[in-house]
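S.K.: output the structure for:
(one chain, ligands or ions: 1)
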Amino acid sequence: MWRGAAVRLLRGGGAGSPRAASGAAAAQLRRRLESELEDIRGAGTWKSERVIASRQGPHLRLAGGGAGILNFCANNYLGLSSHPEVIRAAVEALEKFGAGLSSVRFICGTQSIHKDLEEKIARFHQREDAILYASCFDANAGIFEALLTPEDAVLSDELNHASIIDGIRLCKANKYRYKHMDMQDLEAKLQDAQKHRLRLVATDGAFSMDGDIAPLREICQLAQKYDALVFIDECHATGFLGPNGRGTDELLGVMDKVTIINSTLGKALGGAAGGYTTGPKPLIDLLRQRSRPYLFSNSLPPAVVGCASKALDLLMESNAIAQSMAAKTQRFRSKMTAAGFTISGKDHPICPVMLGDARLAAVMAEDMLNRGIYVIGFSYPVVPKGKARIRVQISAVHSDEDIDRCVEAFTEVGRKHGALP
Ligand code: PLP
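M.R.: Take a look at the predicted model:
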C-alpha cells in the first residue's frame, strides 16, 4: 500500500491535490460540461451559493465579512433551526445513539428514537402511522410508484414541486396534469379518469413560489364526488398553518378528508433534514415493503431525529411560536402593501414581492444585500416569464424591528430602481 502512495506522490497526485482523469472520453466530457456551464451562465440562470459562516437564523454572518446580515430567505419559519432546546436534543441523541446507523432501516438501522418520532409525527397530524425518509424529496420519489399501478390514475397540479413531478414520472399510473388550482379543469380530468381503478389527486398544500394555498376544501369535495383520494405535500405548511400548526388540512377544516400527507423535517420542524409520509396504516406498511428510497437508503442520523422530535414537542406544547410567526407575516404584508408593493399569496410567510422584470428583481436583491438584508430574486425559468419577484420569507424569530427595517430598505431600493413612484 505504501508503494502506491509513494508512486502517487512522485506523480504529483498526493492526498489533497485533485487529479484530472486522462483519456479521450474524459477530455470530451470535460469540453461538453464546460460548454453546458457556459450556456447556463449565458442564459443568466446561474445559481451561485452564498457561504454562511454562522448558524441559520434571522441574523447571519457571511463568509468573508458581512456580519449582522438580516436574513429573509430561509424556510426557518418557526426559528427552530437554532433553538437551544432543539440543539440540546440533537447533542443528547448523538451522544446516546451515535453518529449514524451505517444501515438501512430493515437490516440494522431502526432505533427506538426512529419509532418514537414516527409515532409522534402520526399523532401530530392525527393519522394512523408514519414512515421516515432521508428527505421529503425521497418521500415524494417513493410513494407514487409504490402505491399506483397502470390500472390507476394520478391528477397533479401543474405547479407542484419538482419532487412530486419526479415521483409521478417514476410510477406507471395514468397521468393527468390540471391547471394550477383550477377546479373546473380538475373536475374535467376527474371525469376522464373515471375509467381507472383508483384516482389520486396530488397537490402542494402551499406553493413555495407564490405563497398561495391550494383550495383543499374544493379539491376534497371533488374527490368525494368522483371517488378519489387526496395527497398533499405540506413542506411549506407543517408546523405553522392552521390554528395548531397542523397544516393546510387543519387551516381549511379537511383533516378527515385528506388521505396522505408528505412533509419535511428540513424546514419549520427544526430544519435539519428528513421527510415523511403519514396516513393509513396499511399504506405505511406497504411503503416499508416497497418504497425504494426507504428500502435502499441509510436511516436518519440520531442527531437529526433528536432535532425533529424536540421541534414537534415544542409545537404540541403550545401554538405560541406559530401565532407569533403569523403576526409578523401580517405586519410585513400590510406594511409592504401600504408602501405600494404587490405581495402575492395571502396570509402565508412566503411573501413574493412581485416586480415583473428579471433584471429589476436581480438588482434590487443585490441592493438589499448592500443594505444588510438578504433576500433572493427569482426569474424565468424558476417562475414564468414576466413574473420575476423577490421572495421574502418571514420567521417567528424576526423581531418587529427586523420586519420594519426590511420594509424600509425595500421602499428605498424600490424608489431608487423605479419599482415604486
Ligand atoms: N416538497 C416541497 C414543496 C418543497 O419545497 C421541498 C423542498 O424544497 C421538498 C418537497 C423537498 O423537501 P426536502 O428538502 O425534505 O427534500
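S.K.: where along the stretch 1-150 of the chain do the strands fall?
M.R.: Across the stretch 1-150 of the chain, reading from the start of the chain, the strands by DSSP state E, counting those that start in this stretch fall at 59-60, 69-71, 129-133.
S.K.: dump the ones you listed into TSV; add mean pLDDT as well.
M.R.: Formatted as TSV, the entries for those read as follows, by pLDDT from 0 to 100:
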stretch	mean pLDDT
strand 59-60	95
strand 69-71	96
strand 129-133	98
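S.K.: quick one: which of the ones you listed is nearest the ligand?
M.R.: strand 129-133 (8.1 Å; C-beta to the nearest ligand atom). C-beta coordinates here come from the backbone N, C-alpha and C atoms, glycine included.
S.K.: what's in contact with that closest one?
M.R.: Taking contacts as C-beta atoms under 8 Å, 6 or more residues apart in numbering, the residues outside strand 129-133 that touch it are 105, 114, 117-119, 121-122, 139, 142, 274-281, 284-285, 287-288, 291, 293-294, 297, 299-300, 305.
S.K.: and what of stretch 86-98?
M.R.: Looking at what lies outside stretch 86-98 - C-beta under 8 Å, 6+ apart - the contacts are 80, 111, 113, 270, 272, 302-307, 309-311, 314.
S.K.: do stretch 287-298 as well
M.R.: Where contact means C-beta under 8 Å, 6+ apart, the residues beyond stretch 287-298 that reach it are 100-106, 109, 131, 133-134, 138-139, 141-143, 145-146, 277.
S.K.: please redo it, this time with the cut-off set to 7 Å
M.R.: Identification of contacts with stretch 287-298 by C-beta atoms under 7 Å, 6 or more residues apart in numbering yields 100-101, 103-106, 109, 131, 133-134, 138, 141-143, 146, 277.
S.K.: about what we covered before: inside helices: which ones of the contacts of stretch 86-98?
M.R.: Within these, residues falling in helices by DSSP state H are Ile113, Pro302, Ala303, Val304, Val305, Gly306, Cys307, Ser309, Lys310, Ala311, Leu314.
S.K.: ranking by neighbours, what's the top pick from these?
M.R.: For the ones in helices among the contacts of stretch 86-98, the largest neighbour count, defined by other C-beta atoms under 10 Å, is 30 neighbours, found at Cys307.
S.K.: so what's it scoring on pLDDT?
M.R.: Confidence at Cys307, expressed as pLDDT, is 98.
S.K.: same question for Trp46.
M.R.: Turning to Trp46, the model gives it a pLDDT of 85.
S.K.: read off the pLDDT value for the residue lying closest to it once chain neighbours are set aside.
M.R.: With C-beta to C-beta, 6 or more residues apart in numbering as the measure, Ile40 is the residue that lies nearest to Trp46, at 5.4 Å, once sequence neighbours are left out. In this prediction, Ile40 carries a pLDDT score of 89.
S.K.: separation between Ile40 and Glu34?
M.R.: The span separating Ile40 from Glu34 equals 11 Å under the rule C-beta to C-beta, to the nearest Å.
S.K.: same check, this time on Thr203
M.R.: From Thr203 over to Glu34 the distance is 40 Å, taken as C-beta to C-beta.
S.K.: and the strands of the stretch 1-150 of the chain, which is most packed in?
M.R.: Neighbour counts averaged per stretch over the strands of the stretch 1-150 of the chain are highest for strand 129-133, at a mean of 24; criterion: mean count of other C-beta atoms under 10 Å.
S.K.: thanks again, I'm all set now.
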